[in-house]
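**Q** Sequence and predicted structure are below.
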Amino acid sequence: MPELPEVETVRSGLEKLIVGGEIANIRVPYPKVIMGDAPAFIQGTLASQFTAIDRRGKYLFLRLSNQRTIVSHLRMEGQYSVEPLDAPLHKHTEIVFELADGRALFYNDTRRFGRMTLAETGLEQIAVPTLAKLGPEPITTDLHLEYMIQIFAKSKKPVKSFLLDQTKIAGIGNIYADEVLWQSKIHPETPANELDPSQLAILRDSIISEIALAIKHHGTTVHSFSNVFGEVGQFQNQLEVYGRSGLPCLRCGTPLVKIRVGQRGTTFCPKCQVR
DNA sequence: CTTAAGCCCTGCGGGC
DNA sequence: TGCCCGCAGGGCTTAA
């Protein structure tokens, strides 16, 4: 499931492969992938070139030479692949951007949850209002401790759910939320406003370093995630709690426990992570 | 304003 | 072998 590190991995792959490519034709085997008017999307992208690929939180921005931007969210299992023009569609290929150089950019999505839409570059938040509400990126220069102290104090939500709220911090999903709470020795059901500044400092450091480390390892492959080159990530080998329910805690040996917090599967160590 | 629940989708694994 | 059911989950929508 693509979280920020996986989306960043896709971003850098697309940057290497398709920037400079010109969209000669578009096929849309699954029109629902396009939010809004599909014909307008096609008309607004045809004959333009990809000029850059950016990212904000879990959103991708495919910049076009006509001052428009394709805003793409992979949700659970969306992936891009670059194929020869005559390559057969995958079982779940939803849109094909045929390039003038004889290649094609496929967007494939097993669960069909992902969506894309066309926006005016610089005005993406009009097409996707959520973008205007996204919290800071989990990097040292954007995610300040003072900010965390301020926002955590205002919520009684379980800290696990709080971390998944993209309006508070952008880019964290279920896997990395469990990982950083384990690293910080914080129980996932602890109300956000019960964490003291020293705990928030530890949590902040953990979030920032974990996300950076996962990007360095090209993300986590749990189900189908792969980058544009069809390569899987490496970070799943370094996960310390996610998917390890029943296995011994890597710190204390206590079997890890899986519970549900805010409708989400949550794995933690009942001994290390105390409320 | 907040938080909670339902929904979208498909593949997979468990139970029988 | 095969069918059915429940689970997985990000974010949007609707409800409380």
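**A** All right, it came through fine.
**Q** What is the helix or strand harbouring A:I175 packed up against?
**A** Assignment of secondary structure by DSSP states H and E places A:I175 within helix A:174-183. Contacts defined by 3 or more CB pairs under 8 Å, 6 or more residues apart in numbering; DSSP states H and E place helix A:174-183 against helix A:159-164, helix A:197-216, strand A:264-268. Heads up, the C-betas are built off the backbone N, CA and C, glycines and all.
**Q** which helices and strands sit right next to the longest one?
**A** If contacts are counted by 3+ CB pairs under 8 Å, 6+ apart, helix A:197-216 sits against helix A:4-18, helix A:145-152, helix A:174-183.
**Q** Is that helix positioned near DNA strand C?
**A** No. Using CB under 7 Å from any atom of the strand, helix A:197-216 stays clear of DNA strand C, with a minimum separation of 13.6 Å.
**Q** residues in contact with that helix?
**A** A:4-5, A:8-9, A:138-140, A:143, A:145, A:148-149, A:152, A:163, A:169, A:171-172, A:176, A:179-181, A:183-186, A:195, A:220, A:233, A:235, A:238 (CB atoms under 8 Å, 6 or more residues apart in numbering).
**Q** can you tell me the average pLDDT over it?
**A** For helix A:197-216, mean pLDDT is 93.
**Q** List the strands paired with the helix or strand that that helix is followed by, with their directions.
**A** Counting by DSSP H and E, the next helix or strand C-terminal to helix A:197-216 is strand A:257-261. When sheet partners are counted by DSSP bridges, strand A:257-261 sits next to strand A:264-268 (antiparallel).
**Q** Mind listing residues that contact the partner strand?
**A** Contacts for strand A:264-268 (CB under 8 Å, 6+ apart): A:160-161, A:164, A:174, A:177-178, A:181-182, A:187-188, A:241-245, A:256-260.
**Q** For it, buried residues please.
**A** Neighbour-count burial for strand A:264-268, with 16 or more other CB atoms under 10 Å as criterion, is recorded at A:R264, A:T266, A:T267, A:F268.
**Q** Among these, find me the one that's closest to DNA strand C.
**A** The closest of the buried residues of strand A:264-268 to DNA strand C turns out to be A:R264 (CB to the nearest atom of the strand; 5.2 Å).
**Q** what secondary structure does A:M116 sit in?
**A** Using DSSP: H, G, I helix; E, B strand; the rest coil, the structure places A:M116 in strand.
**Q** Grab the nearest non-local neighbour of it.
**A** A:S72 (4.2 Å; CB to CB, 6 or more residues apart in numbering).
**Q** Could you list the residues of the stretch 51-200 of chain A in contact with DNA strand B?
**A** Going by CB under 7 Å from any atom of the strand, the residues of the stretch 51-200 of chain A near DNA strand B are A:M76, A:K91, A:H92, A:T110, A:R111, A:R112, A:F113, A:K154, A:S155, A:K156, A:K157, A:S161.
**Q** May I ask which of the residues you listed has the most neighbours?
**A** A:K157 (20 neighbours; other CB atoms under 10 Å).
**Q** for the stretch 1-150 of chain A, what spans make up the strands?
**A** A:23-27, A:50-56, A:59-64, A:68-73, A:78-84, A:93-99, A:103-109, A:115-120 (DSSP state E, counting those that start in this stretch).
**Q** what does the stretch 101-250 of chain A put close to DNA strand C?
**A** A:R111, A:F113, A:V128, A:T130, A:L164, A:Q166, A:G173, A:N174, A:I175.
**Q** Farthest pair within those residues?
**A** A:V128 and A:I175 (23.7 Å; CB to CB).
**Q** Neighbour count: the two, which is higher?
**A** The neighbour count for A:V128 versus A:I175, taken as other CB under 10 Å, is higher for A:I175 (24 against 18).
**Q** quick one: the more buried one from A:E210, how far?
**A** As for A:I175, its distance to A:E210 is 10 Å (criterion: CB to CB, to the nearest Å).
**Q** Equivalent analysis for A:K91, please.
**A** Remark: distance between A:K91 and A:E210 (CB to CB) = 33 Å.
**Q** How about the contacts made by A:A127?
**A** A:M35, A:G36, A:V71, A:T117, A:L118, A:A119, A:E120.
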